[in-house]
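> Task: produce atomic coordinates for the following.
(one chain, ligands or ions: 2)
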Amino acid sequence: MFIKEESVTKLSQQVEELSKKQFQPRMEKLKAIEQDVKIRMEEYALAEERLETGFICPRDLIVLEKPVTFDPCGHTYCKKCVDSIREENFNKLKCPSCLANVDYAFRNMQMEAVCEQFLKRKSMTLSFLEWIKTLKIHLPERD
Ligand SMILES: [Zn+2]
Ligand SMILES: [Zn+2]
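Ligands and ions are numbered 1, 2, ... in the order given. Prediction:
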């Protein structure tokens, strides 16, 4: 059997056309999904940033470390911040947020657990965001 070179070229062109027809819509769909995931993740990261403000120590502006809550005002600081507030006030404890006298300061274990979980989740979110940035679906060049 003898096939002319010309018809081989034509056949392979047809095959290419066909595969492009199937390939293109799938790629478009993937691309749309990729965009969607990126947008959603950015929204998620923003929401998490907003959430973070609730876990920030008013003194050193980091996520609370070993949080201590004042009674009766209810404001919360890191343990090390409470220690230095105490030192600065000659061993008396006054809340720097509201200037109320502190009767009692207790280690807030519940807040501590939440802060730990928050930090863990934050680092997961960040690494996921990094990974998503590297994800890039390329569409084949159009004719
Ligand atoms: Zn602090
Ligand atoms: Zn206070």
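
> interface residues of this structure facing ligand 1?
Contacts of the chain with ligand 1, taken as C-beta under 5 Å from the ion, map to 57, 59, 60, 78, 81. Bear in mind the C-beta positions are built from the backbone N, C-alpha and C, glycine included.

> Could you list which of these belong to strands?
Of the positions in the residues of the chain next to ligand 1, residue 78 sit in strands, assigned by DSSP state E.

> could I get the residues of the chain next to ligand 1 as a markdown table with pLDDT?
Converted to a markdown table, the residues of the chain next to ligand 1 look like this (pLDDT from 0 to 100):
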| residue | pLDDT |
| --- | --- |
| 57 | 97 |
| 59 | 96 |
| 60 | 94 |
| 78 | 97 |
| 81 | 97 |
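
> which residues touch the residue lying closest to residue 58 once chain neighbours are set aside?
Nearest residue to residue 58, sequence neighbours excluded (C-beta to C-beta, 6 or more residues apart in numbering): residue 97, at 5.5 Å. Contact partners of residue 97, counting by C-beta atoms under 8 Å, 6 or more residues apart in numbering, are 58, 73, 75.

> Now restrict these to buried residues only.
Buried subset of the contacts of residue 97 (neighbour count, 16 or more other C-beta atoms under 10 Å): 73, 75.

> Pipe the contacts of residue 97 into TSV and attach distance to residue 86 and pLDDT per row.
Shown next, in TSV, are the contacts of residue 97 (distance: C-beta to C-beta, whole Å; pLDDT from 0 to 100):
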residue	distance to residue 86	pLDDT
58	16	95
73	15	96
75	14	97
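
> Quick one: low-confidence residue ranges for the chain.
The model of the chain has pLDDT under 70 over residues 1-3, 137-143.
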